[in-house]
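> Pasting a predicted model and its sequence here:
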Amino acid sequence: MEKTIEYKTTGTCSKLIKVVADDDVVKSVEFVGGCHGNTQGVAKLCIGRKIGELIGLLEGIDCHERGTSCPDQLAKALKTL
């Protein structure tokens, strides 16, 4: 079953993450704001991967000692699916 979420981020330059997943596989990721090249790269690498795998890979990544990052916020978004 396909699910779509819009996750409002905290502590990062990106302001929102849009995710579409079908069952437990990510179909698309879009970051609103943030470092455009990096967020495009992260988004592309997520397509076709399982949600649990991505959470394990991305959770806890820190950006400039903020305690979070765009990939970490994506992991938090994926946990809501």
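All right, it came through fine. Residues are numbered from 1 along each chain as shown.
> Run a quick check on residue 58 versus residue 70, I expect a contact.
No: counting by CB atoms under 8 Å, residue 58 does not reach residue 70; the two are 9.0 Å apart. No exception for glycine: its C-beta is placed from N, CA and C like everyone else's.
> Now for residue 39, how many residues are close by?
For residue 39, the neighbour count with other CB atoms under 10 Å is 22.
> Disregarding residues adjacent in the polypeptide, which is nearest to it?
Of all residues not flanking residue 39 in the chain, residue 31 sits nearest, at 3.7 Å (CB to CB, 6 or more residues apart in numbering).
> then stretch 36-44 to CSV, C-alphas only?
Extracted C-alpha coordinates of stretch 36-44, given in CSV (Å, rounded to 0.1, in the frame of the first residue of the first chain):
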residue,chain,number,x,y,z
HIS,A,36,20.6,21.1,-3.0
GLY,A,37,23.3,18.8,-4.4
ASN,A,38,23.7,16.8,-1.1
THR,A,39,19.9,16.4,-0.6
GLN,A,40,19.4,15.3,-4.2
GLY,A,41,22.1,12.7,-3.8
VAL,A,42,20.7,11.3,-0.6
ALA,A,43,17.2,11.3,-2.1
LYS,A,44,18.4,9.3,-5.2
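> Can you pull out the residues in contact with it?
14, 28-31, 58, 70-71, 74 (CB atoms under 8 Å, 6 or more residues apart in numbering).
> Am I right that residue 43 falls within a helix?
Yes: if the criterion is DSSP: H, G, I helix; E, B strand; the rest coil, then residue 43 is within a helix.
> what's the neighbour count on it?
Other residues near residue 43 come to 19 when the count uses other CB under 10 Å.
> so how far is residue 26 from it?
For residue 43, the distance to residue 26 equals 9 Å [CB to CB, to the nearest Å].
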